[in-house]
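Q: here are the coordinates; sequence isn't available:
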DNA sequence: ATAAGTATAATGACCGTTCTATATAAAGGA
DNA sequence: TCCTTTATATAGAACGGTCATTATACTTAT
């Protein structure tokens, strides 16, 4: 992948997450990335295409982060390891909510929008990921609920306190 | 309050929640409400002022909804009654996330923005509301985590399944 | 020479906000 | 009852700005 394209993806991810998808203009992205606007359109079909590629890149990073936490677990409990990984992910970023849900929210008025469909797919992949680790449907759904809650609450109170309560919930609600 | 102002607030709330704050233009709001653009500026100082008044109205509705659930409880458990009320609130609206967090997210790049400060205050009011019902800090924080999780997850999977898991968590994590 | 990146300007549309000028209707005094 | 004031609402245009996208033409490297 071109260095310029990578720069664009990185700065677009940061700016979209910080300001939102409608708020940020392509001009601001290319300025931040230090490339020309035509270079952006050379690598991406449209703003929607850029958003989609940003989200796909982020999904890969997030899932590989979760996966590494189960392949190299730090706790004897899988649920606890996953929770630790999710909390670390939150700590690594600005606490500004779930980027995928925010994308869906901003474009959800058109339910056939490609971004909306992609986010739905992504969140179902997350629940499916839990199921593959031998959690049943309800246990997986519950994990998703707790993780989304942790992400959202971190926008308001400090992450350490959120972590405290997420761990408390997991410890009392999961055996493995 | 003027009938026109009420119409504006109602349609603005619906449109902001459906499309987002930056996405929706004032023209579309006045069209939907059936008033002239100058009528909007007669009642509100600016778009930011309109957003703030929409959020304040919504906060009152949400809190009075929670309050009525504890004054006329349907369950023997306070936490369970609150959870039922929160789930009913979700069912009453389009499942498009928490409007307050979405407002904060869209304007958070300017942390001194009045909307951002208001949302922070609102969420702290929620935790304070729980504390007044004799939940300690951690119990209150945990309730907030679970409620935010339920709101977020309802954007993805059907609310009945979310309700199932929220109730499960509450039952196993709270005595009263 | 081929490919990738650059700068710049143009397009048409929409943005929040303000201005002007007109219409309506209720309220108060004669 | 008539006249005047005041408040509220209206339509429509204008302002300067930004938006995503496209076209053109120039400069680099490989």
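A: Sure, I can see it. Because the structure is a prediction, the values reported are computed rather than measured. Numbers count the residues shown, from 1 in each chain, chains lettered A, B, ... in the order given.

Q: what is the neighbour count of the residue in chain A positioned nearest to DNA strand D?
A: Residue nearest to DNA strand D within chain A: residue A:25 (2.7 Å; Cβ to the nearest atom of the strand). Every residue, glycine included, has its C-beta placed from N, CA and C. Using other Cβ atoms under 10 Å in any protein chain shown, residue A:25 has 12 other residues around it.

Q: distance check, it against DNA strand C.
A: As defined by Cβ to the nearest atom of the strand, to the nearest Å, residue A:25 lies at a distance of 11 Å from DNA strand C.

Q: that residue and residue A:47, how far apart?
A: 9 Å (Cβ to Cβ, to the nearest Å).

Q: now swap in residue A:133 and tell me
A: For residue A:133 relative to residue A:47 (Cβ to Cβ), the value is 36 Å.

Q: ok, now residue A:31?
A: Counting by Cβ to Cβ, the separation of residue A:31 from residue A:47 is 15 Å.

Q: neighbour count: those two, which is higher?
A: residue A:47 (17 against 13).

Q: please name the nearest non-neighbouring residue to the more buried one.
A: Excluding the flanking residues, the one nearest residue A:47 by Cβ to Cβ, 6 or more residues apart in numbering or on different chains is residue A:26, at 6.1 Å.

Q: the one you found: what's it in contact with?
A: For residue A:26, the contacting residues are A:37, A:40, A:47, A:50, by Cβ atoms under 8 Å, 6 or more residues apart in numbering or on different chains.

Q: turn the residues you listed into CSV, including distance to DNA strand C.
A: Formatted as CSV, the contacts of residue A:26 follow (distance: Cβ to the nearest atom of the strand, whole Å):
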residue, distance to DNA strand C
A:37, 5
A:40, 8
A:47, 12
A:50, 14
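
Q: between these, which is nearest residue B:94?
A: residue A:47 (24.7 Å; Cβ to Cβ).

Q: look at that closest one and report its pLDDT.
A: Residue A:47 carries a pLDDT value of 97.

Q: could you measure from it over to residue A:71?
A: 36 Å.

Q: roughly how far apart are the residue nearest to residue A:47 and residue A:10?
A: For residue A:26, the distance to residue A:10 - Cβ to Cβ - is 15 Å.

Q: ok, now residue A:70?
A: Taking Cβ to Cβ, one finds residue A:70 at 27 Å from residue A:10.

Q: one more: residue A:110?
A: Applying Cβ to Cβ to residue A:110 and residue A:10 gives a distance of 28 Å.

Q: where exactly do the helices run in chain A?
A: A:3-19, A:26-33, A:37-43, A:47-71, A:78-92, A:99-107, A:114-132, A:137-153, A:159-173 (DSSP state H).

Q: run the chain-centre distance for the fourth one.
A: When distances are taken as Cα atoms, centre = their mean, to the nearest Å, helix A:47-71 is centred 7 Å away from the chain's centroid.

Q: in that helix, what's buried?
A: Burial within helix A:47-71, assessed by neighbour count using 16 or more other Cβ atoms under 10 Å in any protein chain shown, is assigned to A:47, A:50, A:51, A:52, A:53, A:54, A:55, A:58, A:59, A:62, A:66, A:69.

Q: kindly state the pLDDT recorded for residue A:59?
A: Listed pLDDT for residue A:59 reads 98.

Q: ok, now residue A:176?
A: Reported pLDDT for residue A:176: 75.

Q: what's the burial count for the closest residue to it other than its chain neighbours?
A: Distance criterion Cβ to Cβ, 6+ apart; nearest residue to residue A:176, sequence neighbours excluded, is residue A:78 at 5.5 Å. Residues lying near residue A:78 (other Cβ under 10 Å) number 20.

Q: can you check residue A:4 too?
A: 17.

Q: list the contacts for the nearest residue to residue A:2 once chain neighbours are set aside?
A: Nearest residue to residue A:2, sequence neighbours excluded (Cβ to Cβ, 6+ apart): residue A:43, at 6.8 Å. Going by Cβ under 8 Å, 6+ apart, residue A:43 touches A:2, A:4, A:5, A:8.
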